[in-house]
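Participant: Following is a predicted model, sequence given first.
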Amino acid sequence: MTSRKEHYFLTKLDTFLEECISSPGLDSSMIADHMQISTRQLERKLQQYTGLSPKKYVREKRLLKAKQLLGDHPEFTISEVACYVGFQKPSYFTSLFINRFGTHPKNEKNS
């Protein structure tokens with residue numbers, strides 16, 4: 001069960017990530033600045049609330065958004081989706097996608 005404070009924090013963070021997901025330069029300091037906390041505090045809170053580091057949390061959000069885009073917009077190429085969610089190399093994106101979901105991104109376009 002999440003506390004109100006935790007819910008507010010994660011909602012604010014997720015809203016910001018949704019706005020900036022295309023930016024390959026999105027990093028902990030950028031997020032911490034937006035959240036008006038130190039990078040160390042960001043790391044501690046995310047670890048406590050989600051069990052993930054900021055880098056892994058952002059990666060997870062990017063992969064989930066990519067999965068959604070591939071399913072909702074089969075006309076998009078894998079390269080377009082990878083770029084849209086902030087990955088500069090489609091091959092790296094594909095590797096992460098396969099590791100996370102157990103399937104190639106092209107298979108999401110058919111489901």
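Facilitator: Noted; the coordinates are in hand.

Participant: Please make it C-alpha for all contacts and neighbour counts, starting now.
Facilitator: Noted.

Participant: ok, and the closest non-adjacent residue to the most centrally placed residue in the chain?
Facilitator: When the chain is reduced to its mean C-alpha position, the nearest residue by C-alpha atoms, centre = their mean turns out to be Lys61, at 2.2 Å. Spatial nearest neighbour of Lys61, excluding adjacent residues (C-alpha to C-alpha, 6 or more residues apart in numbering): Leu17 at 7.8 Å.

Participant: thinking again about what came up before, so which helix or strand takes in the residue nearest to the centre of the chain?
Facilitator: Assignment of secondary structure by DSSP states H and E places Lys61 within helix 54-72.

Participant: Check which residues of that helix are buried.
Facilitator: Across helix 54-72, burial judged by 16 or more other C-alpha atoms under 10 Å covers 54, 57-67, 69-71.

Participant: and of these, the nearest to Val81?
Facilitator: Taking C-alpha to C-alpha as the measure, Val81 lies nearest Ala66 of the buried residues of helix 54-72, at 6.0 Å.

Participant: distance of that closest one from Val85?
Facilitator: Plainly put, Ala66 is 6 Å away from Val85 if you go by C-alpha to C-alpha, to the nearest Å.

Participant: do Leu13 as well
Facilitator: In this structure, Leu13 lies at 16 Å from Val85, with C-alpha to C-alpha as the measure.

Participant: So the two - more neighbours on which side?
Facilitator: Between Leu13 and Val85, counted using other C-alpha atoms under 10 Å, the more crowded position is Val85 (23 against 17).

Participant: Surely that one touches Glu19?
Facilitator: No - between Val85 and Glu19 there is no contact under C-alpha atoms under 8 Å: 10.4 Å.

Participant: Figure out how far the lowest-mean-pLDDT helix or strand in the chain is from the centre of its chain.
Facilitator: Across the helices and strands of the chain, mean pLDDT, DSSP states H and E gives its lowest value to helix 105-108, namely a mean of 90. A distance of 18 Å separates the centroid of the chain from that of helix 105-108, by C-alpha atoms, centre = their mean, to the nearest Å.
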